[in-house]
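Trainee: Below: sequence and its predicted model.
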Amino acid sequence: MATDPLADLLRGLRFRSAVFYLVSGGEGWAASAPVAGELAEVLLPGVEHVMEYHFVVRGRAWAVLEGQDPVPLAEGEAVVFPQGDAHVITSRPGLRPAPADPAWYRATREVPKPLPIHLRGLTEITPGDLDPDADTVLACGFLGCDLRPFNPLISSLPRLLPVPAGGAGEALRPLLTQAMAAVEAGQAGASAALDRLGELLLVEAVRGYLSALPEQAMAGWLAALRDGPLARALTALHADPAREWSVEALAAEAALSRSAFHERFTAVVGVPPMQYLTHWRLQEASRRLLETDDSVTAVALEVGYGSEAAFSRAFRRLTGSPPAQWRRQRRGT
């Protein structure tokens, strides 16, 4: 059965998302966002990696990331920061807001979310005060995910990912508008609908970024999906990781010679093909350990290992823990 390697890796990230702030701003406003990792234990305890996103519900804004040109955001557009970089969201480039203070996030940790905020100028932040007549309204949130034991997707992404209004942003906007109205009306389950926004934004941003990559783009896992021969090999491997794969068999899927395939795969993906296979088997095993009650032996056989002992050794080398212990720790049991 055909599979989608990108969907496989997105599923393996095991997202946790929340819209934390509904922000309004008038003329001449700006706000700093700290490195998202500094806020992980405050906002999304227990996650391995945190990203921030902003969706322009009304008006316009700019996303400013050090070392890059400011990115304009129109109504219905969004931006995701996959690496969790510190950044500025502002009404216009050039404004210098006060530095972000993680203590502010800790102080509002127990406040019901999403928390309405109104920005006035560069320093005044008023929680609980959303101006319905403000020029700009944004939904801002954080997206947490797992990166281990193996998921090369996030490291393949740029520091800033836009979501244009004409594509996914336009499709997501009515969902956001309806969810915000439900939150304001106090309807049950409304905040859960908003929580899905971050995951949907990232998925659509990644797919848009991938489609814009030229074939045989720069190195990286996503670049491999734009390389026809490598994409065929990856698709076959993801579809049946338990198969007794060899470099020759993968090269045949790619319609390349063994040496040409090995060299090309290693140069683009960053690891040799058989090492990638091992890592992907262990990633798939970790998913099954968390999502099913299958025994460790059954999981080992399902992902292509001939014995529980061989599987446990490989799993421990990659994660630092044997499978059963890793499962208990991650489940909190």
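Mentor: Received, thanks.

Trainee: Same question for stretch 236-246: list its buried residues.
Mentor: Taking 16 or more other C-beta atoms under 10 Å as the neighbour-count basis, stretch 236-246 is seen to contain the buried residues Ala236, Leu237, His238, Pro241, Trp245. Placement of C-beta: from N, CA and C, glycine included.

Trainee: actually stretch 145-163, sorry about that
Mentor: Applying 16+ other C-beta under 10 Å to stretch 145-163 flags 145-154, 156-157, 160-163 as buried.

Trainee: Keeping just the C-alphas, turn that stretch into CSV.
Mentor: In CSV, the C-alpha atoms belonging to stretch 145-163 read as follows (Å, rounded to 0.1, in the frame of the first residue of the first chain):
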residue,chain,number,x,y,z
CYS,A,145,5.9,18.1,19.6
ASP,A,146,8.2,15.1,20.0
LEU,A,147,11.4,14.9,18.1
ARG,A,148,12.7,11.7,19.4
PRO,A,149,13.7,9.0,18.9
PHE,A,150,13.9,10.0,15.2
ASN,A,151,12.2,12.7,13.2
PRO,A,152,14.2,14.7,10.7
LEU,A,153,11.3,16.9,9.6
ILE,A,154,11.6,19.9,11.9
SER,A,155,15.4,20.3,11.3
SER,A,156,14.7,20.4,7.6
LEU,A,157,12.4,23.5,8.0
PRO,A,158,13.5,27.1,7.8
ARG,A,159,13.3,29.4,10.8
LEU,A,160,10.1,31.1,9.5
LEU,A,161,7.3,29.5,7.6
PRO,A,162,4.5,31.7,6.1
VAL,A,163,1.0,30.5,5.4
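
Trainee: from the chain's centre, how far out does that stretch sit?
Mentor: 6 Å (C-alpha atoms, centre = their mean, to the nearest Å).

Trainee: ok, now stretch 297-315?
Mentor: That offset, for stretch 297-315, works out to 29 Å (C-alpha atoms, centre = their mean).

Trainee: Just the endpoints, please. Distance across it?
Mentor: 13 Å (C-alpha to C-alpha, to the nearest Å).

Trainee: Can you list the neighbours in contact with it?
Mentor: In this structure, residues lying in contact with stretch 297-315 by C-beta atoms under 8 Å, 6 or more residues apart in numbering are 149, 241-244, 278, 281-282, 284-286, 288-289, 292, 294, 296, 321-323, 326.

Trainee: Which members of the buried residues of stretch 236-246 are the farthest-apart pair?
Mentor: His238 and Trp245 (11.2 Å; C-beta to C-beta).

Trainee: So Glu204: helix, strand or coil?
Mentor: Three-state call for Glu204 (DSSP: H, G, I helix; E, B strand; the rest coil): helix.

Trainee: per-residue pLDDT, the closest residue to Ile154 other than its chain neighbours?
Mentor: Among residues not flanking Ile154 along the chain, Pro82 sits closest, at 5.7 Å (C-beta to C-beta, 6 or more residues apart in numbering). Per-residue pLDDT puts Pro82 at 92.

Trainee: neighbours of Pro82, just the number please.
Mentor: When neighbours are counted by other C-beta atoms under 10 Å, Pro82 registers 25.

Trainee: same deal with Ala224?
Mentor: Quick note: Ala224 (other C-beta under 10 Å) scores 25 neighbours.

Trainee: any idea how far it is from Ala298?
Mentor: 31 Å (C-beta to C-beta, to the nearest Å).
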